[in-house]
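Participant: here is a sequence with its predicted model. Questions after.
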Amino acid sequence: MVTQPFDILPDSTGNQIRAGVGLKLGDRAAINAFFIPQRNIDNIGINTEYQISRTGLFRNLVLQWERRIFEFGEDSFGNDLKETNDTFSILLNFSGS
């Protein structure tokens, strides 16, 4: 799957292309991987989603890891100037209905 979100609000996310692949693991679980190339910043990540309940307050549990790679070019000696930022998120989606 490839998606292209657009900036609607000023300075929100910037135009980007998101490429991803997913695998459904039974009726309640899925795993997805994604890649978002941007100018000087690349994002890669994996998320898993598990449906806790079809009804009730808490519906889905999502675990996500994302790595952002910032590229700043080279220093005066020709060494790559890169910085990485890893983020791990645990999300619990709920619904009032």
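Facilitator: Right, received. Where do you want to start?
Participant: contacts, neighbours, all on C-alpha from now
Facilitator: Noted.
Participant: ok, longest strand in the chain?
Facilitator: Longest strand of the chain, by residue count under DSSP state E: strand 58-74.
Participant: tell me the buried residues in that strand?
Facilitator: Buried positions in strand 58-74, judged by neighbour count with 16 or more other C-alpha atoms under 10 Å: 59-62, 64, 66-70.
Participant: that one pairs with which strands?
Facilitator: Applying DSSP bridges to the sheet, strand 58-74 is found paired with strand 41-51 (antiparallel), strand 80-94 (antiparallel).
Participant: neighbouring contacts of that strand?
Facilitator: With C-alpha atoms under 8 Å, 6 or more residues apart in numbering as the test, strand 58-74 has contacts from 40-53, 80-95.
Participant: helices and strands of this protein: which one bottoms out on pLDDT?
Facilitator: Using mean pLDDT, DSSP states H and E, strand 2-3 stands out as the lowest-scoring helix or strand of the chain, at a mean of 56.
Participant: and the very next helix or strand once past it with strand 41-51, angle?
Facilitator: With elements assigned by DSSP states H and E, the helix or strand that comes after strand 2-3 is strand 18-25. Between strand 18-25 and strand 41-51, the angle comes out at 20 degrees (axes from the mean of the first three to the mean of the last three C-alpha atoms, to 10 degrees).
Participant: helices or strands up against strand 18-25?
Facilitator: strand 2-3, strand 29-38 (3 or more C-alpha pairs under 8 Å, 6 or more residues apart in numbering; DSSP states H and E).
Participant: for the closest residue to L63 other than its chain neighbours, what are its contacts?
Facilitator: Nearest in space to L63, with sequence neighbours left out and distances taken as C-alpha to C-alpha, 6 or more residues apart in numbering, is I90 at 4.8 Å. If a contact means C-alpha under 8 Å, 6+ apart, then I90 has 61-64 as its contacts.
Participant: ok, these vs A30, which is closest?
Facilitator: For the contacts of I90, the minimum distance to A30 (C-alpha to C-alpha) is 9.6 Å, reached by V62.
Participant: now that closest one: closest residue in space that isn't a chain neighbour?
Facilitator: Distances taken as C-alpha to C-alpha, 6+ apart place E49 nearest to V62, at 4.4 Å, with adjacent residues excluded.
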